[in-house]
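Novice: no FASTA, just this:
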């Protein structure tokens, strides 16, 4: 009798749970395909679908309102803010059309364009790590570091040594490590840093978020020293980014910033730290006055599954639409949705030269398989798809007309554009963009162009494998 009662209760509760999941998905999912998938799963596999939705379908990461409390008008009062008329004066005659791109970016990001920045690009760990470590060793007031992966290896321990030494000198140090990224290394560096006396926090810190929030990762890479020198890009802290690390060697490009933009890097770290550790970082120790030191006009652009949802995708679309001569894209993971695909094809039809540089051997094979199944429309319209030989290239660059660069942590895939917390910087500077375009061109020279014959020549089992991987694209 009791068993019959439990069956009756389950028969009542299961459809109610499926209905609640369906309503939540319809009301909260921006992508109709995602909403439809969850609704179908909730009804076709009720118990499994409901449990899966509870684990991975709900965005539980409710961010606090920024502790900075600054409005768009406050940002526009920044003495280093660059107006449209000022930008037109600074742009080369060939690049005046990019003022409309700046106008679009003004509406995408609350941060203003700021003048007077110096940017240096650093190739692989051989250039980036010594520059970052030297900055930490020279720190006098503060060091803030956010990273997705902090490896427990020779590189990670060298950074830990430098951070510990900074703490002992009286420097205020804060380290933020993503909870999912921390699991790439065992034992975790969180405990290592804590034992050294280095203040460290996880993103996200709660058990619920750690267990349920696998899809909500802080993928940002930020280092700010004394509030004056900043680093960002796509490079994690791990031995893999050294070219002598064998088959796991991973190429990447990182960037060092000086000038007013560094304040924007620090503010993003502050918001993430306040969320994770509930601590305010105020005063000149963290936010000193900054003076112009270079000629680059730049702005930080946040992306994430919060109020910044799809902002990086909008930035990519704005960059594509603004191009008049060339588009160069370098990314390790290339799974653009239909909107981005159409934008690239349309740019190519307008006569814009479009080149996409991808690794021939990916560290995530299923992402590479999905890319092969997804990419044919670009090849149909003769978009240049180039596959670089090993080592795996993790670089993330987008250069428009050799004049505008969008750099940072974002990949061209649904996870980066919808699920991760990312950070990119847009730069209006022809010398910088030209140098990065040459870097991409040099890698293209050593790459192999993907052809329709390569796609069509795959065996049936491989095409089926790639097609199945493509079905998972929204979750990759």
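Specialist: Okay, I see it. These numbers come from a predicted model, not from an experiment. Numbers count the residues shown, from 1 in each chain.
Novice: Show me the domain layout of this protein.
Specialist: Split into domains by automatic domain parsing, the chain comes to 2-57, 114-297, 311-475.
Novice: What residues of the helix or strand containing residue 120 count as buried?
Specialist: Residue 120 belongs to strand 114-123 when assigned by DSSP states H and E. For strand 114-123, the neighbour count (16 or more other CB atoms under 10 Å) marks 114-119, 121-122 as buried. Where C-beta positions appear, they are placed from N, C-alpha and C, glycine not excepted.
Novice: what two of those have the greatest distance between them?
Specialist: Longest distance between any two of those is 22.8 Å, between 115 and 122; criterion CB to CB.
Novice: Go through the buried residues of strand 114-123 and say which is closest to residue 259.
Specialist: Relative to residue 259, the closest of the buried residues of strand 114-123 is residue 117; by CB to CB it sits at 3.5 Å.
Novice: Verify the stated contact: that closest one with residue 263.
Specialist: No: using CB atoms under 8 Å, residue 117 makes no contact with residue 263, being 10.7 Å away.
Novice: the helices in the stretch 101-250 of the chain, which residues?
Specialist: 124-137, 154-168, 179-182, 189-195, 207-212 (DSSP state H, counting those that start in this stretch).
Novice: For residue 226, which of these is the nearest?
Specialist: That would be, of the helices of the stretch 101-250 of the chain and by CB to CB, helix 124-137, which comes in at 8.5 Å.
Novice: relative to helix 154-168, how tilted is that closest one?
Specialist: With axes from the mean of the first three to the mean of the last three CA atoms, to 10 degrees defining the directions, helix 124-137 sits at 10 degrees from helix 154-168.
Novice: Return the list of helices and strands in contact with helix 124-137.
Specialist: Here helix 124-137 touches helix 154-168, strand 222-225, strand 229-233, strand 253-258, going by 3 or more CB pairs under 8 Å, 6 or more residues apart in numbering; DSSP states H and E.
Novice: Dump the ones you listed to JSON lines, plus mean pLDDT and mean neighbour count.
Specialist: Putting the helices and strands packed on helix 124-137 into JSON lines (pLDDT from 0 to 100; neighbours: other CB atoms under 10 Å) gives the following:
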{"stretch": "helix 154-168", "mean pLDDT": "97", "mean neighbour count": "18"}
{"stretch": "strand 222-225", "mean pLDDT": "98", "mean neighbour count": "26"}
{"stretch": "strand 229-233", "mean pLDDT": "98", "mean neighbour count": "25"}
{"stretch": "strand 253-258", "mean pLDDT": "98", "mean neighbour count": "23"}
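Novice: OK, contacts around the nearest residue to residue 198 once chain neighbours are set aside?
Specialist: Nearest non-adjacent residue to residue 198, counting by CB to CB, 6 or more residues apart in numbering: residue 163, 4.9 Å away. Shown in contact with residue 163 (CB atoms under 8 Å, 6 or more residues apart in numbering): 136, 143, 145, 173, 175, 193, 196, 198.
Novice: please redo it, this time with the cut-off set to 7 Å
Specialist: 136, 143, 173, 175, 193, 198 (CB atoms under 7 Å, 6 or more residues apart in numbering).
Novice: Share the number of residues neighbouring the first one, please.
Specialist: Burial measure for residue 136: 20 neighbouring residues, criterion other CB atoms under 10 Å.
Novice: Next, find the distance separating it from residue 195.
Specialist: 19 Å (CB to CB, to the nearest Å).
Novice: On the pLDDT front, check the closest residue to residue 142 other than its chain neighbours for me.
Specialist: Sequence neighbours aside, residue 172 is the residue nearest to residue 142 in space, at 4.6 Å (criterion: CB to CB, 6+ apart). For residue 172, the pLDDT comes out at 97.
Novice: For residue 320, which three-state class applies?
Specialist: With DSSP: H, G, I helix; E, B strand; the rest coil as the basis, residue 320 sits in helix.
Novice: Give the closest residue to it in space, chain neighbours not counted.
Specialist: Per CB to CB, 6+ apart, closest to residue 320 is residue 343, 4.4 Å.
Novice: So that neighbour versus residue 228, what's the distance?
Specialist: Distance from residue 343 to residue 228, by CB to CB: 38 Å.
Novice: try residue 275
Specialist: As for residue 275, its distance to residue 228 is 24 Å (criterion: CB to CB).
Novice: Distance to residue 43 for the helices and strands packed on helix 124-137 - can I get that in a markdown table?
Specialist: Putting the helices and strands packed on helix 124-137 into a markdown table (distance: least, CB to CB, whole Å) gives the following:
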| stretch | distance to residue 43 |
| --- | --- |
| helix 154-168 | 46 |
| strand 222-225 | 43 |
| strand 229-233 | 44 |
| strand 253-258 | 46 |
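Novice: With respect to residue 425, which of those lies nearest?
Specialist: Between the helices and strands packed on helix 124-137, strand 229-233 lies closest to residue 425; by CB to CB that is 6.5 Å.
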